[in-house]
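J.: generate coordinates for the sequence data below:
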Amino acid sequence: MRTDDPPSQVGNDPLSQVGDDPLPPVRDVLAAIATGLWRWDNASGTVTLDAEAARLLGLPARAQTLTEAAVRSRFHPVDWNEIYGTVQLAVAEGTLAEARLRIMDDTGRRVLRTVRSRSKPVLHDATEAYELIGTLQEVTEPAPGTAARTPVTGDWRRSREAFLLDAGRALAEARSTEEVLRVAAGLSMPGFSPDGLAVFGAAGDRLTIIGHHGHQPGDDGPFSAMPLDTDYPAAEVVRTGRAVYLSSPEDYRRRYPAAWPLARRFERQSWAFLPLTVAGRTMGAWMAAFAYPVSFTPDERSVLTTVARMLAQALSRAGVAESERELTEGLQRSMLPMLGPQIPGMSVAARYVPTGGGLQVGGDWYDMIPLPSGRIAFVIGDVQGHDVRAAGLMGQLRIALRAYASEGHRPDAVLSRATRFLSGITESITYGSSGSGADETTVYDPRFATCLYVEADPATGVLEIGRAGHPEPAIRMSDGTVLQRATAGGLPLGVDPDADYPTTRLVLEPGETMLICTDGLIETGGHDLDSGWSRIRTILEEYEGEGDGDEHGNGLEQLADSLVQAVHGPSSHYTTGPLADRREDDIAVLLLSRTSRPEQRTARRTVLTIAQAEPERIAGARRHLRELLHDWADDDQVDSAVLMVSEMLTNVLVHTDGDALLVAEVSGEPGARRLRAEVADGSDDLPHKRHPGELASSGRGLVLMELLADAWGVDPRGDGKSIWFELYEVASGGEGGRSGPE
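T.: Alright, predicted model coming up:
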């Protein structure tokens with residue numbers, strides 16, 4: 001209808017004739033009920049008003065054409081923004097635009113009246129321009145909150161804005177599709193709330209159901225894998241990208257007769273099907289079904305449309321995040337090995353936990369390699385960085401280590417070859433095309449990796465360990481005592497291609513468990529190496545799981561879980577909420593236990609080698625002995641033992657040309673145990689007891705042992721000698737008896 005049509009044309013409209021009684025002209029009817037006509041031309045930016053519409057806007061009561069800016073000045077600014085959004089929604093959906101608007105005076109400070117606008121957009125096919133033709137009618141503004149589902153300003157608008165803010169925040173925090181659907185199901189919309197929800201997707205030419213709420217299991221069966229050309233509202237929404245509103249069962253049955261039998265059994269009264277659109281592409285549809293009639297006013301449609309847009313964005317983000325997680329976790333799983341068959345006499349458990357940030361991929365790894373000699377090699381390492389390049393280097397380095405080990409090389413040779421390999425592949429990296437080379441860029445991007453390589457003999461428990469800048473292993477003895485074993489080592493792999501890697505030999509006794517891990521297990525949570533090891537030691541000492549060390553390794557699996565849980569906290573840390581995710585670094589853990597039966601339990605025993613070139617490791621030996629005697633009854637005896645061991649090791653390094661081998665063993669029942677410490681070297685020169693003067697700098701070692709030890713001696717050997725002492729445990733403050741255990 002055009003407002004400039006002459007009254008005679010309007011009156012002669014056949015629709016104005018009913019039987020023999022002619023109806024009055026439409027313009028006269030509208031004037032009689034104080035309803036004005038207006039037309040908004042989007043292309044020219046002008047608004048045409050009839051006399052009544054001009055009067056309602058506070059203008060002279062005559063037909064006139066104004067600019068869009070002139071008309072906008074007559075509306076309350078908030079209401080103008082509201083009607084602009086409503087108009088855009090009506091244009092997109094091809095529906096009526098309806099809103100309540102406050103008319104302001106010339107000063108813009110006083111409300112003259114409230115009018116109701118109803119209009120219909122008319123699109124021009126050739127361009128994106130449109131005309132909006134409608135009516136204006138004065139209405140009485142109801143008291144705030146009296147019409148919950150009426151498009152009025154005031155309380156309803158404020159509650160709607162608060163709802164949209166809360167909904168947007170909740171959907172933004174959802175990390176997975178399941179969480180998005182759970183949030184959508186819990187939304188309580190202001191003034192109206194659906195009791196049934198469904199989210200549809202599209203796979204090829206089929207409609208799929210991503211999730212639903214308010215339905216029984218199996219209700220989604222008839223709607224799954226439905227062809228997109230089916231006469232069903234959700235399928236039409238996915239095809240066209242336009243919303244479908246059905247205010248009554250009659251409306252549903254009239255518009256979609258083929259699909260109505262499927263929807264009738266749910267006994268709903270109104271339905272809204274809205275497109276889920278991201279970046280201009282319709283990825284699916286969202287259905288909101290109501291148990292009571294809903295007229296779907298423009299305000300209600302605006303709320304539903306806004307929620308649908310936020311829901312589409314949340315589902316898109318969740319889908320991308322899940323795809324990235326699946327990709328990176330699959331990449332990481334493909335690079336991490338299976339532990340392989342069971343090892344006779346030993347059990348193994350391993351864990352890998354990726355970092356919580358970025359692509360959740362990093363450079364930590366572990367491996368288990370059968371060797372030609374019948375032994376087994378265990379490897380754990382950490383490539384610098386938490387990115388795809390670190391993961392790629394990790395895969396290459398793991399393959400190289402496996403190849404070198406499979407050739408039968410010893411641990412020192414394997415690590416030496418590995419550092420040359422990593423140095424060669426990390427000197428530079430080239431980005432860009434591989435054509436003419438004009439667009440290629442070479443960047444110096446050196447990387448290093450820490451690594452611990454253990455060659456284990458399952459039959460004897462002998463471990464040959466090579467270490468490249470990696471944290472040292474820890475041993476949990478059969479009685480729960482935990483020692484951090486000092487091992488010789490060299491620079492991280494990739495730092496120096498000519499680096500040397502000495503090896504350390506130790507014996508894993510029956511019932512003992514060795515822990516090797518990356519620094520993520522130690523330092524996560526703000527810990528340094530010392531405090532982190534204290535935390536891990538506590539977990540190892542306090543662990544008393546069933547099946548610990550049995551032939552199936554059940555207890556070892558529980559211990560691995562306990563270590564990861566102790567660092568990460570409960571599973572709630574991985575969900576939205578007040579608890580923050582503590583995954584700061586990749587974690588790789590490998591546990592190796594030498595199985596035993598209770599009757600095979602042996603004494604608490606440790607072995608250390610102190611090389612001539614490493615006198616500083618005497619301090620580590622003293623600390624190691626204190627850890628071995630952590631539950632000894634008399635602290636004075638512990639101090640005496642540490643003093644004598646320090647003296648024996650120092651004498652070997654000062655008076656001989658060889659290395660010192662320390663063997664310390666605690667046997668017996670608590671309260672009546674015996675400590676035997678023995679230091680062996682390759683020299684045939686036996687020590688002799690002397691009587692040093694007050695100013696002498698040496699010669700007191702045997703004197704100290706005479707005074708402090710319950711028993712001591714020197715035993716010659718074919719390739720050297722050993723000096724030993726024994727202490728017999730007594731209550732704190734008591735005296736050791738010379739007639740202790742034989």
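J.: got the buried residues for stretch 502-518?
T.: Using 16 or more other Cβ atoms under 10 Å as the test for burial, stretch 502-518 gives 502-504, 506, 508-518. To be clear about C-beta, it is placed using only N, CA and C from the backbone, and glycine gets the same treatment.
J.: ends of that stretch, how far apart?
T.: End-to-end distance of stretch 502-518 (Cα to Cα, to the nearest Å): 20 Å.
J.: report the distance from it to the chain centre.
T.: From the chain centre to the centre of stretch 502-518 is a distance of 33 Å (Cα atoms, centre = their mean, to the nearest Å).
J.: and what of stretch 49-64?
T.: Centre to centre, stretch against its chain (Cα atoms, centre = their mean), the figure for stretch 49-64 is 62 Å.
J.: export that stretch to CSV, keeping only CA atoms.
T.: Only the C-alpha atoms of stretch 49-64 are listed here, as CSV (Å, rounded to 0.1, in the frame of the first residue of the first chain):
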residue,chain,number,x,y,z
LEU,A,49,4.3,10.3,6.7
ASP,A,50,0.6,10.9,6.4
ALA,A,51,-1.1,13.6,8.5
GLU,A,52,-1.9,11.3,11.4
ALA,A,53,1.6,9.8,11.5
ALA,A,54,3.1,13.2,11.5
ARG,A,55,0.9,14.3,14.4
LEU,A,56,1.8,11.2,16.4
LEU,A,57,5.5,12.1,15.9
GLY,A,58,4.9,15.6,17.3
LEU,A,59,5.1,17.3,13.9
PRO,A,60,2.5,19.5,12.1
ALA,A,61,-0.5,17.3,11.1
ARG,A,62,0.1,17.2,7.4
ALA,A,63,1.5,14.7,4.9
GLN,A,64,5.2,15.2,4.5
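J.: how many other residues sit next to residue 279?
T.: Neighbours of residue 279 under the rule other Cβ atoms under 10 Å: 8.
J.: how about the strands of the stretch 401-550 of the chain, start to end?
T.: With DSSP state E, counting those that start in this stretch, the ranges of strands along the stretch 401-550 of the chain come out as 429-431, 441-443, 449-456, 462-468, 474-476, 482-484, 503-507, 513-517.
J.: point out the most buried one among the ones you listed.
T.: Ranked by mean neighbour count, those are led by strand 449-456 with a mean of 26 (mean count of other Cβ atoms under 10 Å).
J.: output the contacting helices and strands for it.
T.: Where contact means 3 or more Cβ pairs under 8 Å, 6 or more residues apart in numbering; DSSP states H and E, strand 449-456 is packed against strand 376-383, helix 388-406, helix 411-425, strand 462-468, strand 513-517.
J.: need these in a markdown table (columns: distance to residue 352 and mean pLDDT).
T.: Below are the helices and strands packed on strand 449-456 laid out as a markdown table (distance: least, Cβ to Cβ, whole Å; pLDDT from 0 to 100):
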| stretch | distance to residue 352 | mean pLDDT |
| --- | --- | --- |
| strand 376-383 | 10 | 93 |
| helix 388-406 | 11 | 88 |
| helix 411-425 | 20 | 92 |
| strand 462-468 | 20 | 93 |
| strand 513-517 | 11 | 93 |
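J.: now tabulate the ones you listed in CSV and tack on distance to residue 256.
T.: As requested, these are exported to CSV (distance: least, Cβ to Cβ, whole Å):
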stretch, distance to residue 256
strand 376-383, 58
helix 388-406, 49
helix 411-425, 62
strand 462-468, 69
strand 513-517, 61
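J.: nearest to residue 633, out of those?
T.: Closest to residue 633 of these, according to Cβ to Cβ: strand 513-517, at 25.8 Å.
J.: may I have the strands that pair with that closest one, each with its orientation?
T.: Partners of strand 513-517 in the sheet, by DSSP bridges, are strand 474-476 (antiparallel), strand 587-594 (antiparallel).
J.: wait, which of the strands of the stretch 401-550 of the chain is closest to residue 721?
T.: Closest approach to residue 721 among the strands of the stretch 401-550 of the chain is made by strand 503-507 (20.4 Å; Cβ to Cβ).
J.: pLDDT averaged over that closest one, what's the number?
T.: Summarised as a single mean, pLDDT over strand 503-507 is 87.
J.: do stretch 230-241 as well
T.: Rounded mean pLDDT across stretch 230-241 is 89.
J.: list the buried residues for that stretch?
T.: Buried residues in stretch 230-241, counted by 16+ other Cβ under 10 Å: 230, 232, 233, 234, 235, 236, 237, 238, 239.
J.: what's the longest helix in the protein?
T.: In the chain, taking DSSP state H as the definition, the longest helix is helix 298-335.
J.: what ranges does the stretch 1-150 of the chain have for its strands?
T.: 17-18, 21-22, 35-41, 46-49, 64-67, 97-104, 111-123, 130-139.
J.: thank you kindly, that will do.
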